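Asks: Requesting a structural model of the entry that follows:
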Amino acid sequence: MSRYRPPQKPSSKYISAAGEKTLKDELNYLWKEERPIITQSVSEAAAMGDRSENADYIYGKKRLREIDRRVRYLSKRLEEVTVVSTIPDNTDKIYFGAKVTLEDEQGETFSYRLLGADEIDPSKGHVSIDAPLGRTLLGKELDTEVEVISPQGTKQYHILAIEY
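Replies: Got it, this is the predicted structure:
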């Protein structure tokens, strides 16, 4: 069995100010709070002797690897993202950060906010600008019909409102 993973498509380099704060808070929590606690528990478990059958030591080391992996990812990601904190000049078109209200063919309305890949939250209606819906909506204007092609099929939407 190979450990090879095909490379992922690069996600957009944009993030909102709130999204940047969330990533920084997570990085700070992992590095300053959780990692020292786990490091201390691993150290205490190692002092007990035989490490091969010591569950605290084994799972503590595993958790340290997970924390370190996430810390590396967050550090790199925060270096490469561009924080978008201003409203675009043309608010008649859909750009990053827009809250868009759509109506489907059955008359149901949906509201989505287009954000970066690190801020996706379907329960809040936050959609990535890299998702099929996000890519289709970018640059569109009010009262436009759009056709979204996704893995679930093709859907038609009418843009009812754009807010920033």
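Asks: Now do the SS call for the spatially most central residue of the chain.
Replies: Centroid check for the chain by Cα atoms, centre = their mean gives residue 118 as the closest residue, at 1.9 Å. Using DSSP: H, G, I helix; E, B strand; the rest coil, the structure places residue 118 in helix.
Asks: Quick check, it in contact with residue 14.
Replies: No: using Cβ atoms under 8 Å as the test, residue 118 is too far from residue 14 to be in contact (9.6 Å). Quick note: C-beta positions are derived from backbone N, CA and C, even for glycine.
Asks: so what's in contact with those two at the same time?
Replies: The contact sets of residue 118 and residue 14 overlap at residue 81 (Cβ atoms under 8 Å, 6 or more residues apart in numbering).
Asks: Show me this protein divided up by domain.
Replies: Structural domains assigned to the chain are 14-83, 86-163, following automatic domain parsing.
Asks: And the contacts of the helix or strand of the chain with the lowest mean pLDDT?
Replies: Lowest by mean pLDDT, DSSP states H and E among the helices and strands of the chain is strand 145-150, with a mean of 90. Residues outside strand 145-150 that contact it (Cβ under 8 Å, 6+ apart) are 102, 132-133, 136-137, 140, 154-159.
Asks: Buried ones in whichever strand or helix holds residue 155, by neighbour count?
Replies: Using DSSP states H and E, residue 155 sits in strand 153-163. In terms of neighbour count (16 or more other Cβ atoms under 10 Å), strand 153-163 has its buried residues at 155, 157-159, 162.
Asks: Kindly report the same for stretch 106-125.
Replies: 112-120.
Asks: nearest to residue 39, of these?
Replies: Closest approach to residue 39 among the buried residues of stretch 106-125 (Cβ to Cβ): residue 118, at 26.5 Å.
Asks: Give me the pLDDT for the residue lying farthest from the centre of the chain.
Replies: Most distant residue from the mean C-alpha position of the chain: residue 49, 41.5 Å away (Cα atoms, centre = their mean). What the model reports for residue 49 is a pLDDT of 79.
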